[in-house]
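Visitor: sequence and predicted structure, then a few things I'm wondering about:
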Amino acid sequence: IVTDIVAHVDRIPPEVLSDVGLEQLGGGPEESVVLQILQAINYTGVRERLPEGAGARPSSDPRSRIALGWRRNAIFALYIVPDGLSVLDPDTTGAWSRIVGRLLVPPIVATLVFSAEEVRGQVLDWVDRVCARWPSMQT
């Protein structure tokens, strides 16, 4: 099983996630408790780095808000402490384009699991064995 080792982030959210929750996360700070908290605690210094009124502009279209909520959610899920600007404005900062539509080792897994030297060699050996067994899976 390769779950947690490799992830693929699709452009559309998985059906298991609530559209209501994603739409709320895709709103502006006045509508999203998560964004209110990020700004209130000055998460990663976001207040000083985000000019007043800047950031992703929430749409009135529910599908667009769900899509923005999904982008914010995916960034939070993959990183230990994502940059606050990446969460508030995933498109402009490039955070979304770095993770969407490709296979990747989630940064949280890479940092917590694979950064240790004693593990790195074992992981590389395991990857070689997987690639040898399923050559069609190689990119």
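Guide: Okay, I see it. Numbering: from 1, shown residues only.

Visitor: where do the strands sit along this structure?
Guide: 7-8, 103-104 (DSSP state E).

Visitor: what would those strands look like in TSV with mean pLDDT?
Guide: What follows is the strands of the chain, written out as TSV (pLDDT from 0 to 100):
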stretch	mean pLDDT
strand 7-8	84
strand 103-104	84
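
Visitor: how about the ones you listed, which one is nearest Glu48?
Guide: Set against Glu48 and scored by CB to CB, the strands of the chain come closest in strand 103-104, at 29.8 Å. C-beta coordinates here come from the backbone N, C-alpha and C atoms, glycine included.

Visitor: skipping adjacent residues, who's closest to Arg11 in space?
Guide: Of all residues not flanking Arg11 in the chain, Val100 sits nearest, at 5.8 Å (CB to CB, 6 or more residues apart in numbering).

Visitor: now do the contacts for that neighbour.
Guide: Val9, Asp10, Arg11, Arg71, Ala74 (CB atoms under 8 Å, 6 or more residues apart in numbering).

Visitor: tell me how many other residues crowd Ala7.
Guide: 19 (other CB atoms under 10 Å).

Visitor: returning to what we had before: per-residue confidence at the residue nearest to Arg11?
Guide: Per-residue pLDDT puts Val100 at 92.

Visitor: got it, and Ile1?
Guide: At Ile1, pLDDT is 44.

Visitor: now do the same contact list for the most centrally placed residue in the chain.
Guide: Centroid-nearest residue in the chain, with CA atoms, centre = their mean: Ile75, separated by 1.7 Å. For Ile75, the contacting residues are Pro82, Ser86, Val87, Pro90, Ala95, Trp96, Ile99, by CB under 8 Å, 6+ apart.

Visitor: okay, buried residues for stretch 85-96 please.
Guide: For stretch 85-96, a neighbour-count test (16 or more other CB atoms under 10 Å) marks Leu85, Ser86, Val87, Leu88, Asp89, Pro90, Thr93, Ala95, Trp96 as buried.

Visitor: first-to-last residue distance for it?
Guide: 12 Å (CA to CA, to the nearest Å).

Visitor: in this structure, what spans have low per-residue confidence?
Guide: 1-4, 51-56, 137-139 (pLDDT under 70).
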